[in-house]
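Asks: Give me the fold of what follows.
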Amino acid sequence: MTDSGETGLELRGLSVARNGFNIVSDVTLRAPLGRVTVLLGPNGAGRTTLVEAISGVLPARVGTMRFCGHELGRLSREQRHRIGLAHVEQGRTIFSDLTVDENLRVRNRRIDTAEAYAWFPELSKRRDVKAVSLSGGEQQMLVIARALLGQPRLLILDELSLGLAPIVVGRLMPMVRDIANRGIGVLLVEQYATLALGIGDNAYVMNHGRFVLEEACATLLGMPDRLRQAYLS
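Replies: Residues are numbered from 1 along each chain as shown. Predicted coordinates for the structure are as follows:
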């Protein structure tokens, strides 16, 4: 386990384009290991473009990205995964025709899946069921469990709550906090600001491709007007 607050991901002056248009401009961010770093902002703010650049889905146009001593810009997506960077993309990518257990073993057939079922007991009861028959919440648990079995040092969760009932989101958020408490860094892209701030350590608010606010989560929870203004800026 890593000591809480150890340097994990550091971005400096990062800009990212998509389809020839600059979407993210001059972003600087720090997401330590053992902490939950929350990334908030309205739809279209550039949050998904940013995390896709971090994980290697998109190239960065300018700026630097360092992760645990590695310069990410020099690494392929697979190489980033091997050094401990895991990205759970929005949309819950599952293999519908495979069972829950087979989904967990996609990257390594011999992997011990017992820990995944310890994290999410709901999945243990469904291990031999095809993933297509799972509820949205169970599918989200499955993709998170699959990522955690790869023993990441930083887990990027893009829109964890997308399409899920509030009661399911309420079940998942404490799990995110528990992941960080184990020494894993979490970069949480989220639409439910209050719930995310309730389990996070530090927050960045993004709008129009730039960070317009950075604050401790506990502080920002007590400043709803400032948060609202950041969304509207």
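
Asks: Give me the number of neighbouring residues for Val51.
Replies: 24 (other Cβ atoms under 10 Å). In short, each C-beta sits where N, CA and C put it, glycine included.

Asks: Quick check: it is in a helix.
Replies: Yes - counting by DSSP: H, G, I helix; E, B strand; the rest coil, Val51 is part of a helix.

Asks: Report the contact partners of it.
Replies: The neighbourhood of Val51, defined by Cβ atoms under 8 Å, 6 or more residues apart in numbering, consists of 39, 87, 156, 158, 187, 189.

Asks: Which of those fall in strands?
Replies: Within the contacts of Val51, residues falling in strands by DSSP state E are 39, 87, 156, 158, 187, 189.

Asks: Which two of the residues you listed have the greatest separation?
Replies: Farthest apart among these by Cβ to Cβ are Leu39 and His87. That separation is 13.0 Å.

Asks: Those two: who's more crowded?
Replies: The residue with more neighbours, out of Leu39 and His87, is Leu39; 26 against 21, by other Cβ under 10 Å.

Asks: Could you dump the contacts of Val51 into JSON lines with distance to Asp97 and pLDDT added?
Replies: As requested, the contacts of Val51 are exported to JSON lines (distance: Cβ to Cβ, whole Å; pLDDT from 0 to 100):
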{"residue": "Leu39", "distance to Asp97": "33", "pLDDT": "97"}
{"residue": "His87", "distance to Asp97": "23", "pLDDT": "95"}
{"residue": "Ile156", "distance to Asp97": "26", "pLDDT": "97"}
{"residue": "Asp158", "distance to Asp97": "24", "pLDDT": "94"}
{"residue": "Leu187", "distance to Asp97": "31", "pLDDT": "98"}
{"residue": "Val189", "distance to Asp97": "29", "pLDDT": "96"}
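
Asks: can you list those in TSV and add distance to Gly13?
Replies: Formatted as TSV, the entries for those read as follows, by distance: Cβ to Cβ, whole Å:
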residue	distance to Gly13
Leu39	17
His87	22
Ile156	20
Asp158	22
Leu187	18
Val189	20
